[in-house]
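**Student:** Provided below are the primary sequence and the corresponding predicted coordinates.
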Amino acid sequence: MTMPYEIKIAINNVLACEEPIEALYTYVNNQDFLRDCRFIFFSDEYGADIPYFLKSQKINNFNIHCLTASSKMLVIDRDTCDEMFRTGKTTYAIDTCIALDTQTVSYLKDIFTENPTIINEKSKYFIDYLLRNDINFDYSLYMLENSKKLNNKEEIIKTYGNLLACERFKNLDMQKFLNQGLISYTKTNDELKLLTDEIFYTMNNKGKSLESTPFDERYNAIKALLLKVAIIELAYSKKGIKYKINLLFEFINNEIGVIFEREIAISYLFFSHDKRVEKFFKKVKINCLDIVKHISGMAWDLYHLRHLEYLMATLRPLNARYELYSIITFDYGLQEVLEVYPIKKCAIYNGMFLPVFENPLYELIKEIDNLQSFIRSTKAVRITAFKKANYKNLINNLEKELTELIRI
């Protein structure tokens, strides 16, 4: 999706600001172009507190990951600016939601069964945390990841059971659970199955569609990038970081046609053998026979983060002005990604989420002279590559190449 040049320049001017007052005045000076834009600045010093239950933290046996490492957020847009200049202050409600990944949704299946009684202590802490904080939860990540897997009876039964568990959780008798620790539902089993039927029908139809959606294309591009990263690292393990990162950019410019900053950053750290991404890339080894399967899972993890950004950019909550998402998971590798490359600020325009990270790519990668200029100068090459890209064929070829490399 493209945007008018004047709006792009105005957005970049605001995002270039380091101090909130500077950003505010830059926004006001460019407001003719920015009336449909929103900006979120994350820090530990200014803005409204991010609800504690959305902040990145390890709680018992599960993890909550926020897209930012900061504790506060400041929003700049037309409504907040009008309010600030009119009254000298601004207040705004934030709609908070935690997304459940595939592993977490599968975890619910053993808790919310047809005839449950008392929940075990290990699981109780997890459910108790969500309910006592009155946290909205979203399992669209699970639906996106698993919609293409409904091609055999075993997968269909497993997926339906997981969706049914989610519906049971949504219709849990909260007072009975919080007061007595008992699990019962506010709807009958037949009613819950009808709700699940509708969700499964929608999910199944999307999975059977032969047309690639923008969501499919984005996931496939991320998967192709990770496959190439694995090939480069395993085939050229004795080469230096400069050689590897140049190979990766050559692939991005000529085959994928898209710059994925977070994905490139963690790939660079992997090439550097940085321990901060050790868990995320732990299966990318020459002796891992199911490496292709693991890379598919890694691609979904990274895609999940992009989908949360998409939800923040597109959802318009009824009872709040802004949407803020975190993800709950039992995956330690994903935790590494968010810790090592958190978002510092972002712009939201016409459904697009435009992040600026704490450590931008051009500051992280020193092996390519003037990386910003290099990326700008190769833009036309990427546009051509993107227009002709066939990610499915590319993935098939990369998977074959990687599998052959593992067999050597």
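**Tutor:** Yep, it's here. Numbering: from 1, shown residues only.
**Student:** go ahead and produce CSV holding the CA coordinates of stretch 387-405.
**Tutor:** As requested, the backbone C-alpha atoms of stretch 387-405 are provided in CSV (Å, rounded to 0.1, in the frame of the first residue of the first chain):
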residue,chain,number,x,y,z
LYS,A,387,5.7,-7.6,-8.5
LYS,A,388,7.0,-10.8,-10.0
ALA,A,389,7.5,-12.8,-6.7
ASN,A,390,6.0,-16.2,-6.4
TYR,A,391,6.6,-17.0,-2.8
LYS,A,392,5.2,-20.5,-2.9
ASN,A,393,7.6,-21.6,-5.6
LEU,A,394,10.4,-19.7,-3.9
ILE,A,395,9.7,-21.6,-0.6
ASN,A,396,9.5,-24.9,-2.4
ASN,A,397,12.9,-24.3,-3.9
LEU,A,398,14.4,-23.1,-0.7
GLU,A,399,13.1,-26.0,1.3
LYS,A,400,14.6,-28.5,-1.2
GLU,A,401,18.0,-26.6,-1.0
LEU,A,402,17.9,-26.7,2.8
THR,A,403,16.9,-30.3,3.0
GLU,A,404,19.8,-31.3,0.6
LEU,A,405,22.2,-29.2,2.7
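**Student:** chain center to stretch 217-237: distance?
**Tutor:** Averaged C-alpha coordinates place stretch 217-237 at 18 Å from its chain's average position (Cα atoms, centre = their mean, to the nearest Å).
**Student:** what are the contacting residues of that stretch?
**Tutor:** Residues outside stretch 217-237 that contact it (Cβ atoms under 8 Å, 6 or more residues apart in numbering): 212, 243-244, 247-248, 251-252, 255-256, 258, 260, 263-264, 267, 270-271, 284-286, 291-292, 295-296, 298-300, 302-303, 306, 389, 391-392, 394-395, 398-399, 401-402, 405-406. All C-beta spots, glycine's among them, are computed from the backbone N, C-alpha and C.
**Student:** out of these, which end up buried?
**Tutor:** 244, 247-248, 251-252, 255-256, 258, 260, 263-264, 267, 270-271, 284, 291-292, 295-296, 298-300, 302-303, 306, 389, 391, 394-395, 398-399, 402, 406 (16 or more other Cβ atoms under 10 Å).
**Student:** wait, is residue 404 part of a helix?
**Tutor:** Yes. With the criterion set as DSSP: H, G, I helix; E, B strand; the rest coil, the secondary structure at residue 404 is a helix.
**Student:** hmm, residue 125 is touching residue 131, no?
**Tutor:** No. Taking Cβ atoms under 8 Å as the contact criterion, residue 125 and residue 131 are not neighbours in contact, 11.1 Å apart.
**Student:** number of nearby residues for the residue lying closest to residue 249 once chain neighbours are set aside?
**Tutor:** Leaving out its chain neighbours, the residue that sits closest to residue 249 by Cβ to Cβ, 6 or more residues apart in numbering is residue 368, at 7.1 Å. In terms of burial, residue 368 registers 16 neighbours under the definition other Cβ atoms under 10 Å.
**Student:** quick one, what contacts residue 368?
**Tutor:** If you count contacts by Cβ under 8 Å, 6+ apart, residue 368 has them with 242, 245-246, 249, 374.
**Student:** for residue 317, state which of those is nearest.
**Tutor:** Compare each of the contacts of residue 368 with residue 317 using Cβ to Cβ and the shortest gap goes to residue 249, at 39.1 Å.
**Student:** and that closest one, what element?
**Tutor:** Here residue 249 sits within helix 241-251, counting by DSSP states H and E.
**Student:** next SSE after that helix?
**Tutor:** Toward the C-terminal end, the helix or strand that comes next after helix 241-251 (DSSP H and E) is helix 261-271.
**Student:** got the angle between that following helix and helix 241-251?
**Tutor:** Angle, helix 261-271 to helix 241-251, by axes from the mean of the first three to the mean of the last three Cα atoms, to 10 degrees: 150 degrees.
**Student:** mean confidence for helix 261-271?
**Tutor:** When the per-residue pLDDT values of helix 261-271 are averaged, the result is 97.
**Student:** what packs against that helix?
**Tutor:** For helix 261-271, the helices and strands in contact under the criterion 3 or more Cβ pairs under 8 Å, 6 or more residues apart in numbering; DSSP states H and E are helix 214-235, helix 241-251, helix 291-314, helix 332-340, strand 352-357, helix 361-364.
**Student:** closest one to residue 24 among these?
**Tutor:** Shortest separation from residue 24 across the helices and strands packed on helix 261-271 is recorded for strand 352-357, at 16.6 Å, computed as Cβ to Cβ.
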